[in-house]
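Asks: give me coordinates for this.
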Amino acid sequence: MTALISRTAVDPLAPVIAGLARMGLRHGKESLQGLSTGLVPPHTPGWRAAGELLTAEGVREWLDAAARRWDAQPHAAAALAWKCYSYWLALPAVIGFTGSRRVPLMTPDHVLVRFSDRQPFLTLALRRPVTAVLATDPIVATDTPGLLIVDDEDELLGVMRRSLVDAHLDPMLDEVRKQARLGRRTLWGSVASGVSYAISRGHVAPPDALLDTAHRVLAALGADDLVDLSAREQGGLDIKRRTCCLAFTLPTPKVCSSCCIRA
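Replies: Numbering: from 1, shown residues only. All right, here's what the predicted structure looks like:
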């Protein structure tokens, strides 16, 4: 069962925004630098619909900015731009599911993006947000706008996949691959890594529960075979990628802590 109900003043994203704020308190303000405050775009120039990044011209402009930002070869710039974009795009949905079982739909028509050739390279915000919630969520009993009501958590994860992956990342990935010599596995490995880091930084739970949640979300997104995870007793996850984001090819090489070539 899926239904969309009418709009009022209650903000269904309030627990998602609160979850992001708690993550910022734990890990510092830089842990949120790719998201506009409150997920609302400020009245400043440069914002564009994410759908532009599903076009050849939009991707070309984005990748050119990435090449200038990192002073990188085209394939490395594309890999790093994708890693950055997919992480910030997934973060609100992941935090929403793990923290409150409320998932903002991250489809291109709901997302705004601003990028530059300086730091921060990328910032995302939401416009006209629709939030998927469980039928048992108390907000369903209110006259709240923009709710997509689903029966259970599996359906909620399905909504996340359709909005985040099928409608957004997959078509964007196809255009990136047309313009850069990168395999799908290399790019999708960054999605798996980004989702894992989002859960590790943003979800507080006992080690076994944290690990189970990570595998459940990754499996729903079709990315569970691209990272090796283990839970730390002190909190968070140890994450080891099975692919590389190519940061080691930069003029000042970087080898990420989770990189498969680190050994």
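
Asks: any idea how far L35 is from G222?
Replies: Using Cβ to Cβ, to the nearest Å, L35 is found at 24 Å from G222. Where you see a C-beta, it was placed from the backbone N, CA and C, and this is true even at glycine.

Asks: quick one, which of these two is more surrounded?
Replies: Counted by other Cβ atoms under 10 Å, L35 and G222 do not tie: L35 has more neighbours, with 22 against 15.

Asks: hang on, the more buried one packs against W88?
Replies: Yes: applying Cβ atoms under 8 Å, one finds L35 in contact with W88, separated by 6.1 Å.

Asks: can you list residues touching both of those two?
Replies: The contact sets of L35 and W88 overlap at 123-124 (Cβ atoms under 8 Å, 6 or more residues apart in numbering).

Asks: grab the nearest non-local neighbour of V159.
Replies: Leaving aside its sequence neighbours, V159 sits nearest to A132 (Cβ to Cβ, 6 or more residues apart in numbering; 4.4 Å).

Asks: A strand includes that neighbour, no?
Replies: Yes: according to DSSP: H, G, I helix; E, B strand; the rest coil, A132 belongs to a strand.

Asks: so how far is A223 from it?
Replies: Counting by Cβ to Cβ - A132 and A223 are separated by 19 Å.

Asks: ok, now R241?
Replies: 11 Å.

Asks: any residues in contact with both of these two?
Replies: What both R241 and A223 touch, as defined by Cβ under 8 Å, 6+ apart, is the set A192.

Asks: and the strand or helix carrying W188, what does it pack onto?
Replies: Take DSSP states H and E as the rule and W188 turns out to sit in helix 184-202. For helix 184-202, the packing partners by 3 or more Cβ pairs under 8 Å, 6 or more residues apart in numbering; DSSP states H and E come out as helix 14-27, helix 74-100, helix 170-179, helix 207-220, strand 227-231, strand 237-241.

Asks: contacts only, for the residue nearest to the spatial centre of the chain.
Replies: Note on the chain: the residue nearest the mean C-alpha position is A90, at 1.5 Å, using Cα atoms, centre = their mean. By Cβ under 8 Å, 6+ apart, the contact set of A90 is 106, 164, 191, 194-195, 198.

Asks: that one and G19: what is the separation?
Replies: With Cβ to Cβ as the criterion, A90 and G19 are 14 Å apart.

Asks: could you do E61 as well?
Replies: 32 Å.

Asks: ok, these two, which is more surrounded?
Replies: G19 (23 against 15).

Asks: any low-confidence regions in the stretch 151-263 of the chain?
Replies: 243-263 (pLDDT under 70).

Asks: let's see that with 50 instead.
Replies: 245-248, 250, 263 (pLDDT under 50).
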